[in-house]
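Enquirer: give me coordinates for this.
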Amino acid sequence: MFGPSTFDFAFALYGLPPGPPPSNTVAECGEWSTTMLPLPVDATATTVRAAKTFGPDDEWLVGGYDTGGIGAMQSFSLAYHRVDGGDWQIVPTPSPDACADSGNPNGCAKVWFNAIDGVAPDDIWAGGWRDGQTSNGFFGGQIFLAHWDGSEWTQIPAPVSTGSGSEIAGIKAIAPDDVWFVGSWIADDGWKALALHWDGATLERVEMPFPVPGGTPGWSLVGADGVASNDLWSVGAGRDGDMSLAPYVLHFDGGAWQVADGVPQPGDQIEYNALLALGSNDVYAAGSWFTGGAGYGPLIIHWDGSAWSIATQVGGGGPMITLGNGSVLALGNPSLFFNGTDWIAQPGLTQFDYYGWADLEATGPCNAIGAAITDIVGVRRSVAVELRPIVYSNGFD
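Expert: This next block holds a predicted model:
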């Protein structure tokens, strides 16, 4: 058909063979693959908490690592970077000895990243926690914020310096001059949910509303997502990782944050800790509930543009991604895949007896990169986790 040729040709067929998929199939197309991440010098443990990618050629994982043992342990910020599918490399990050700098008699360093997001490979934000002394004399958590300009990470001062227990837990970058940071802080008048906004020149704190009912003595936000600068969502729960007695789901319309109405609460206490916005009328939130005598359970809810409803309670509850066509891959125990019709239980990381999911970011139609935290001979280690298409190299069985 093409005429004479001096070249060799090879062809590949993408898809699944007829019949039931193999038991290790994830998201009806791929399988999990893991890579042990390198240990920093003197590290005794690593904890990756968040991932960010700009396609398969530029990927980041951030968190922290520990040195020393009981009574002499210190924690430092940590960032891994991978380019063009090569090896993961540790990139230097600002990791001040916050306790010693502020005169804390414990003389310790405690600093790590919880979240990362950005709009371009040379415009990335990472945020988390650093221990130290606040301007009004309290010892405890301070906001730790850094920016990557394509060549180095630089620490950015935060406009919250009073109280304690402050940290960034989630970041949503919409544009270079429109970035939101959410978390929590102990203000002089109580434990408040935290929201900071970057307008391209200034980082300012924004007051956040709280549910009227509940009785929870404090509030915190853990994530933000949305499809436009005037259509954002944020979720959380009570203070310091506690569940709350009322759902804490907020919406931003471009002018102000408001508590969402009609959010499901199947248990006595509840927390929402992950978001996935596919469209203005297609948003998922994930978390868990608790009822005395019944225990805990996972939960995924859905916003259809007019109301929230329970999507499933059979699994998930952790980070979520989409692989296109309205699909949802929700991590949890078990993880679930929504193919547009059904929520299907997914295989886990079978090579590890104990592990916890950290984060996951889609990089293609059947590709994703993220991390999990596991125990290797009594040592906490982080592994990079990839979703890769299943390849049939010897024909279909």
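Enquirer: mind checking how far the closest residue to Trp148 other than its chain neighbours is from Leu145?
Expert: Spatially, and ignoring its direct neighbours in sequence, Trp148 is nearest to Ile124 (4.1 Å; CB to CB, 6 or more residues apart in numbering). Quick note: C-beta positions are derived from backbone N, CA and C, even for glycine. Noted for Ile124: a distance of 12 Å to Leu145, by CB to CB, to the nearest Å.
Enquirer: now do Gly316
Expert: 30 Å.
Enquirer: how far away is Gln89 from Gly364?
Expert: Relative to Gly364, and taking CB to CB, Gln89 is found at 22 Å.
Enquirer: between these two, who's got more neighbours?
Expert: Higher neighbour count among Gln89 and Gly364: Gly364, with 16 against 11, using other CB atoms under 10 Å.
Enquirer: tell me the contacts of the residue nearest to the more buried one when sequence neighbours are not counted?
Expert: Spatial nearest neighbour of Gly364, chain neighbours left out: Pro56 (6.3 Å); criterion: CB to CB, 6+ apart. By CB atoms under 8 Å, 6 or more residues apart in numbering, the contact list for Pro56 reads Gly85, Thr363, Gly364, Asn367, Ile369.
Enquirer: just the buried subset of those, please.
Expert: Buried by 16 or more other CB atoms under 10 Å: Thr363, Gly364, Asn367, Ile369, out of the contacts of Pro56.
Enquirer: which of these sit farthest apart?
Expert: Gly364 and Ile369 (9.9 Å; CB to CB).
Enquirer: help me confirm that Asp240 is found in a helix?
Expert: Yes. Assessed with DSSP: H, G, I helix; E, B strand; the rest coil, Asp240 lies in a helix.
Enquirer: quick check: what element follows the helix or strand of the chain with the lowest mean pLDDT along the chain?
Expert: Counting by mean pLDDT, DSSP states H and E, the chain has its least confident helix or strand at helix 98-102, which shows a mean of 52. Downstream of helix 98-102, the next assigned helix or strand under DSSP states H and E is strand 111-120.
Enquirer: direction included, what does that next one pair up with?
Expert: strand 123-133 (antiparallel) (DSSP bridges).
Enquirer: now do the partner strand, average pLDDT.
Expert: Averaged over strand 123-133, pLDDT sits at 90.
Enquirer: can you list the low-confidence ranges for the stretch 1-150 of the chain?
Expert: Scanning the stretch 1-150 of the chain with the threshold set as pLDDT under 70 gives 1-19, 71, 97-108, 133-138.
Enquirer: burial of the residue nearest to Ala115 when sequence neighbours are not counted, as a residue count?
Expert: Nearest residue to Ala115 in three dimensions, chain neighbours excluded: Ile171, at 4.5 Å (CB to CB, 6+ apart). Neighbour count for Ile171, taken as other CB under 10 Å: 27.
Enquirer: just the buried ones among the contacts of Pro56 now: which is nearest Phe139?
Expert: Of all those, Phe139 sits closest to Ile369, with 37.0 Å by CB to CB.
Enquirer: is it true that the closest one touches Asp57?
Expert: No. Look at Ile369 against Asp57 with CB atoms under 8 Å: they stay out of range, at 11.2 Å.
Enquirer: alright, calling it a day.
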